[in-house]
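Q: Turn this into a model:
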Amino acid sequence: VQLQASGGGLVQAGGSLRLSCAVSGSIFRLSTMTWYRQAPGKQRELVARITRGDNTNYADSVKGRFTISRDNAKTTVFLQMNNLKPEDTAVYYCNLDLPAGPSSNLGYYYWGQGTLVTVSS
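A: Modelled structure (predicted):
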């Protein structure tokens, strides 16, 4: 299983970016997908999560500004980021989580390589 994140870049405050994370492998549709971010000198934090049933949750700091979605046919998860703020500057990572259980004999837990988002003030 490989995760390829893309879409980061430099944007001014108030602007928008759309991150993508393309996943190889058929387990995508069974998996919970999460975007995390890590700013310089800070711990990695959860940004947004979407389950196999399309249930979503968000960090309080991004609610109302970010939207996570998934396309099972394209095995890709997206993060639409609007009204970006300088404090959103970080490396963004996608994560795939499929615990062993009824859906899979094996557990899967993978990270993408990260994509840098820089928001200038």
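Q: So for the lowest-mean-pLDDT helix or strand in the chain, what gets flagged as buried?
A: Lowest by mean pLDDT, DSSP states H and E among the helices and strands of the chain is strand 108-111, with a mean of 94. Within strand 108-111, the residues scored as buried using 16 or more other CB atoms under 10 Å are Y108, Y110. All C-beta spots, glycine's among them, are computed from the backbone N, C-alpha and C.
Q: How about the residue nearest the centre of the chain: what's its closest non-neighbour residue?
A: Central residue of the chain (CA atoms, centre = their mean): W35, 2.5 Å from the mean position. Nearest non-adjacent residue to W35, counting by CB to CB, 6 or more residues apart in numbering: V47, 4.4 Å away.
Q: Around the one you found, how many other residues sit close by?
A: V47 has 23 neighbouring residues, counting by other CB atoms under 10 Å.
Q: Against G112, how distant is it?
A: Using CB to CB, to the nearest Å, we find V47 at a distance of 13 Å from G112.
Q: how much space between the residue nearest to W35 and G101?
A: The gap separating V47 from G101 is 25 Å, by CB to CB.
Q: And for D88?
A: 34 Å.
Q: And those two? Which one has more around it.
A: D88 (22 against 10).
Q: The more buried one and V119 touch, don't they?
A: Yes - counting by CB atoms under 8 Å, V119 is a contact partner of D88 at 5.1 Å.
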